[in-house]
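> I would like the atomic coordinates for the input below:
(4 chains)
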There are 2 protein chains.
Amino acid sequence: MTVTLADVAARAQVSPATVSRVLNGNYPVAASTRERVLKAVDELDYVLNGPASALAASTSDLVGVLVNDIADPFFGIMASAVQSEIVGPGGRAGGERLAVVCNTGGSPERELTYLTLLQRQRAAAVVLTGGAIEDAAHVAAVANKLRRLAEAGTRVVLCGRPPVPDADAVALTFDNRGGGRELTEHLLALGHRRIGYVAGPEERTTTRDRLEGHREALAGAGVTESDGLVAHGPYDRAAGYAATTELLRKDPELTAVVAANDTVALGACAALREAGLRIPEDVSVAGFDDLPFSVDAVPALTTVRLPLAEAAARAGRIAMGREAAPAGGVDVVRGELMVRGSTGAPRR
Amino acid sequence: MTVTLADVAARAQVSPATVSRVLNGNYPVAASTRERVLKAVDELDYVLNGPASALAASTSDLVGVLVNDIADPFFGIMASAVQSEIVGPGGRAGGERLAVVCNTGGSPERELTYLTLLQRQRAAAVVLTGGAIEDAAHVAAVANKLRRLAEAGTRVVLCGRPPVPDADAVALTFDNRGGGRELTEHLLALGHRRIGYVAGPEERTTTRDRLEGHREALAGAGVTESDGLVAHGPYDRAAGYAATTELLRKDPELTAVVAANDTVALGACAALREAGLRIPEDVSVAGFDDLPFSVDAVPALTTVRLPLAEAAARAGRIAMGREAAPAGGVDVVRGELMVRGSTGAPRR
DNA sequence: TTGAAAGCGTTACCAA
DNA sequence: TTGGTAACGCTTTCAA
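Sure, this is the predicted structure:
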């Protein structure tokens, strides 16, 4: 029925072992033999059996990429960058690895389920992206899973996610706190005092870190007018809309809104517009992250640009063993404040 | 070292066969035995070996999802919807299937490579999304691959992609031509005559179909002022920007721009703004697709809303065998014209 | 309802 | 440089 390696061997008049060696290119094979084998492969239209190969070699061509929300371009960019790094030369059998993008939806259970699934597949590497849940039990469970994965030979890389203690994982983390501080400091320098903050979901590291930066900036400037002007919600557009509406109710006089990420910022803008406020004439909006479309949505946006793609690409290279892990297993990636033309001082 | 099914069997004092049956839940096993086995699984922290399992059963838990650009939310939405349908009850061993999201980047070679990789993995199903390349050789190659996949027991579903002849694949296709026609008819009805068209990449089915609809509408209304006002480019923001700049050069008087998808529309808007034109006061913009953020980016946008998520979810269910295939193997999914408040007649 | 055992298609070790 | 051949860990007939 289906063509097997033995069929190829027979046709090429060599042993199965030789065919395997040709296909994997990891042992010396005479040029003439190789030719013959490849010809047979071609003629029979042979495709290697991945599971059999993975079983025998006890490792697979799969690389898992965990994302919180695949419909959010933030994670799309990261997944894309990781993927572009894991293909190409250096893999087994054809040099191709398959990225398995797993959508956790921000759910701790699904996160663990996917890690188990990847463990089951004997994945070559796993890249976890984005902020982590701060629940102690879950953190311990994840650490445990990652440890087992690493024990089984799976490389583990965290990208934009805090290090996991004792888990033999490499981490590239974003300087969320520093970015949050810069963003608010910028607004304060422009003269804003009533600044609403649309935070992400609670119990999320990114949420907490960015918010801490914001509060740090306010405290540093001795500004108290913005106290309490914080609303939490998921990292999606609807939440940004709802939170901003709530903030406007709390303080109709606010002159600026900081959004914990760009997707949320879009919802915030919609809410402001609907309230009859203009951006940035009436209210300035500042955001976080690196979505290519945010500049179209809000030409006046001030953002902290996170080098998502670059970081994710590095994560991919590290996962593939092509780049050295950072010293101490952790590297902090800094963002860059991007001030667009029209963001200015409060005008009302 | 690693725990195997035999270890579990030993601990539960049953045969490996029984453990397998418990885990797969596809054979009758006495309740007490099952208990004992599950207890052993738990105690040993056993995780099934996917490759071994796939080898023995000659099928895997993997479902491939091919997308043109994972950083484009269009595909993010589809991937997310497919994924949400393939997990849950009905799978093997724990009822979980793993989605493998493959980013082809619109490249025909990568598309074939990924199909081969999925074939190698003995994927349970493959879902191809988005427009297809119209090169005859490539179409034939894909058809051939899909045939082989189907022969090997892989379910093949096309979503938003034209049917492939003789390939034993089920197709859900969007009515791109009808949508394109409606969009332009709407603008014509408002009085627009000089309408620029920002098309997608050439040799792409979606590009051609949508453009055909546009031309049909123009021809139907006997409008010739827009002839030649078409610019091609990739489905990304930069291309939309470049194409619109070019169209403005060709006809500085145009009063409306139709963009072949939303991502492109964002670039078009940026170009218009930069040219000092207001939307929709000076130029109306119409788009295609269903990106949740487009409404924030361009509150005045008129679009044909494609039911992406719904269609993709259906594709997922069909791939899982939970929903019947459409009659004849093909179903046409219609879009819906969404006219936002402020899109109006030409004002210049 | 359970067990024994024959594969499943590769890989990798040991010889030649 | 090549061949022979045990694993690899599970599924699934066939018997009991």
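
> and the residue in the stretch 101-250 of chain A that chain B sits nearest to, its phi and psi?
Residue of the stretch 101-250 of chain A nearest chain B, by Cβ to the nearest Cβ: A:Val101 (3.8 Å). Quick note: C-beta positions are derived from backbone N, CA and C, even for glycine. Dihedral pair for A:Val101: phi -90, psi 120, per degrees, to the nearest 10.

> dump the residue contacts of it.
Neighbour list for A:Val101: A:Val65, A:Val67, A:Ile70, A:Ala79, A:Gln83, B:Ile70, B:Ala79, B:Ala99, B:Val100, B:Val101 [criterion: Cβ atoms under 8 Å, 6 or more residues apart in numbering or on different chains].

> out of those residues, which are inside helices?
Judged by DSSP state H, the contacts of A:Val101 include A:Ala79, A:Gln83, B:Ala79 as members of helices.

> just those now: which is nearest B:Val87?
B:Ala79 (13.1 Å; Cβ to Cβ).

> wait, that closest one touches B:Ala99, no?
Yes - assessed by Cβ atoms under 8 Å, B:Ala79 is found in contact with B:Ala99 at 7.3 Å.

> shared neighbours of these two, anything?
Contact criterion Cβ under 8 Å, 6+ apart; residues shared by B:Ala79 and B:Ala99: A:Val101, A:Asn103, B:Val65.

> tell me what the residue nearest to the spatial centre of chain A is bridged to.
Nearest to the geometric centre of chain A sits A:Thr129, at 3.3 Å (Cα atoms, centre = their mean). Beta-bridge pairing of A:Thr129 under DSSP bridges involves A:Cys159.

> distance of it relative to A:Leu301?
As judged by Cβ to Cβ, to the nearest Å, A:Thr129 and A:Leu301 stand 23 Å apart.

> what of A:Leu55?
A:Leu55 sits 51 Å away from A:Leu301, taking Cβ to Cβ as the criterion.

> who has more neighbours, the two?
More crowded of A:Leu55 and A:Leu301, by other Cβ atoms under 10 Å in any protein chain shown: A:Leu301, with 25 against 20.

> A:Ala125 versus the closest residue to DNA strand C within the stretch 101-250 of chain A, what's the distance?
Nearest residue of the stretch 101-250 of chain A to DNA strand C: A:Gly153, at 11.4 Å (Cβ to the nearest atom of the strand). The gap separating A:Gly153 from A:Ala125 is 10 Å, by Cβ to Cβ.

> and if you look at A:Tyr27?
24 Å.

> then A:Gly196?
Taking Cβ to Cβ, one finds A:Gly196 at 41 Å from A:Ala125.

> now the helices for chain A?
A:5-12, A:16-24, A:31-44, A:50-57, A:73-86, A:108-120, A:136-151, A:176-190, A:205-221, A:237-250, A:262-274, A:294-297, A:308-319.

> any chance of those helices in a markdown table, plus mean pLDDT and distance to B:Leu172?
Shown next, in a markdown table, are the helices of chain A (pLDDT from 0 to 100; distance: least, Cβ to Cβ, whole Å):
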| stretch | mean pLDDT | distance to B:Leu172 |
| --- | --- | --- |
| helix A:5-12 | 93 | 37 |
| helix A:16-24 | 91 | 37 |
| helix A:31-44 | 92 | 34 |
| helix A:50-57 | 93 | 28 |
| helix A:73-86 | 91 | 22 |
| helix A:108-120 | 91 | 26 |
| helix A:136-151 | 93 | 36 |
| helix A:176-190 | 95 | 41 |
| helix A:205-221 | 97 | 36 |
| helix A:237-250 | 95 | 26 |
| helix A:262-274 | 89 | 28 |
| helix A:294-297 | 66 | 30 |
| helix A:308-319 | 95 | 31 |
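
> save the ones you listed as a markdown table, and put in distance to DNA strand D too.
Converted to a markdown table, the helices of chain A look like this (distance: least, Cβ to the nearest atom of the strand, whole Å):
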| stretch | distance to DNA strand D |
| --- | --- |
| helix A:5-12 | 7 |
| helix A:16-24 | 3 |
| helix A:31-44 | 3 |
| helix A:50-57 | 4 |
| helix A:73-86 | 24 |
| helix A:108-120 | 9 |
| helix A:136-151 | 13 |
| helix A:176-190 | 40 |
| helix A:205-221 | 35 |
| helix A:237-250 | 41 |
| helix A:262-274 | 40 |
| helix A:294-297 | 47 |
| helix A:308-319 | 23 |
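
> tell me who's in contact with the nearest residue to A:Glu111 once chain neighbours are set aside.
Leaving aside its sequence neighbours, A:Glu111 sits nearest to A:Thr104 (Cβ to Cβ, 6 or more residues apart in numbering or on different chains; 4.5 Å). By Cβ under 8 Å, 6+ apart, the contact set of A:Thr104 is A:Leu66, A:Val67, A:Asn68, A:Arg110, A:Glu111, A:Tyr114.

> pLDDT wise, what is A:Thr104 at?
pLDDT recorded at A:Thr104 is 91.

> tell me how far it lies from DNA strand D.
As judged by Cβ to the nearest atom of the strand, to the nearest Å, A:Thr104 and DNA strand D stand 25 Å apart.

> again, but for A:Leu128
Distance from A:Leu128 to DNA strand D, by Cβ to the nearest atom of the strand: 25 Å.

> and that residue, what does it touch?
Neighbouring residues of A:Leu128 by Cβ under 8 Å, 6+ apart: A:Leu66, A:Val156, A:Val157, A:Leu158, A:Cys159, A:Arg161.

> in stretch A:318-338, which residues are buried?
A:Ile318, A:Ala319, A:Met320, A:Ala325, A:Asp331, A:Val333, A:Gly335, A:Met338 (16 or more other Cβ atoms under 10 Å in any protein chain shown).

> what does the stretch 1-150 of chain A put close to DNA strand C?
Within reach of DNA strand C by Cβ under 7 Å from any atom of the strand, the stretch 1-150 of chain A has these residues: A:2, A:4-6, A:16-17, A:20, A:23-24, A:26, A:46, A:48-49, A:52-53, A:55-57, A:92-93.

> which ChimeraX command selects the buried ones in those?
Of these, the buried ones can be selected in ChimeraX as follows, counting by 16+ other Cβ under 10 Å:
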select /A:4,5,20,23,24,46,48,49,52,53,55,92,93
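
> still on that earlier bit, A:Gly153 and A:Ala125: which is more packed in?
Using other Cβ under 10 Å, the more surrounded residue of A:Gly153 and A:Ala125 is A:Ala125, with 26 against 13.

> distance-wise, check the more buried one relative to A:Val100.
Where A:Val100 is concerned, A:Ala125 sits at a distance of 10 Å (Cβ to Cβ).

> do the same with A:Asp45
For A:Asp45 relative to A:Val100 (Cβ to Cβ), the value is 26 Å.

> just A:Leu183 next, same as before
The gap separating A:Leu183 from A:Val100 is 34 Å, by Cβ to Cβ.

> same check, this time on A:Arg110
For A:Arg110, the distance to A:Val100 - Cβ to Cβ - is 14 Å.

> please consider this matter closed, and thank you.
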